[in-house]
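> Turn this into a model:
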Amino acid sequence: MLRRIGTWIDHNLWVLPFLFFLIAEIALVALHYSDSGPLLLAKVKAENRKEIYSSLTGSSSGLLGFALAAVAIMAAFGRRSVNEPGEIQRENNLATARVGISKVLLATSVFLVAILVTATLAIGTDDKREGSFILTSIITSSAVASLLGLLVSCAGLTLSLTERSREA
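Sure, this is the predicted structure:
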């Protein structure tokens, strides 16, 4: 059973950011209800929160641009023309890997957009003494998911480029 799940996740790595978002969100909700005080960004003074939200919008938009540019680059990579059967299979495997990496980057982009939109809304609405748990949890969970997605896609991209440059 676990082996099948592991194999499915290996073939559908784009699910990992969504899975980690859910895990982080569940953990934050559990912490919120077990502790009566505010968590993370909600603890910070309103003026400082707005500065953090502004920084988050800039950082997430920069990373979003990086992720989408990487997807465009991955789409531009094509199969090299080869004639040997082993090389044909290798090129097909590399093409499959590029598609998988692009899917992870697109899933990561969803969470980078979530950070960007939520932080932008928070700049205008989160001005009370105690910050909003909903905004804090969405931003934090999206940050965890996007960090994991960027790490997985960068590792996959590195492996794909290393394999591509390797001589047969």
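
> so the residue most central in space within the chain is in which element?
Residue closest to the average C-alpha location in the chain (CA atoms, centre = their mean): residue 146, at 2.4 Å. Assessed by DSSP states H and E, residue 146 sits inside helix 133-165.

> in that helix, what's buried?
Of all the residues in helix 133-165, those buried under the rule 16 or more other CB atoms under 10 Å are 133, 135-146, 148-150, 152-153, 156-157, 160. The C-beta positions use only the backbone N, C-alpha and C, and glycine is treated the same way.

> For the residue nearest to the centre of the chain, give me its contacts.
If you count contacts by CB atoms under 8 Å, 6 or more residues apart in numbering, residue 146 has them with 17, 60, 63, 108, 111-112, 115.

> Might you calculate how far the helix holding residue 146 sits from the centre of the chain?
The chain centre lies 4 Å from the centre of helix 133-165; the measure is CA atoms, centre = their mean, to the nearest Å.

> Spatially nearest residue to residue 32, not counting backbone neighbours?
residue 133 (5.6 Å; CB to CB, 6 or more residues apart in numbering).

> Tell me where this protein has helices.
In the chain, the segments counted as helices under DSSP state H are 2-11, 15-34, 46-76, 85-125, 133-165.

> and residue 40, which of those is closest to it?
helix 133-165 (5.3 Å; CB to CB).

> what residue ranges in the protein score low on pLDDT?
Counting by pLDDT under 70, the chain has low-confidence residues at 10, 36-39, 41-43, 46, 78-80, 82, 163-168.

> Please consider this matter closed, and thank you.
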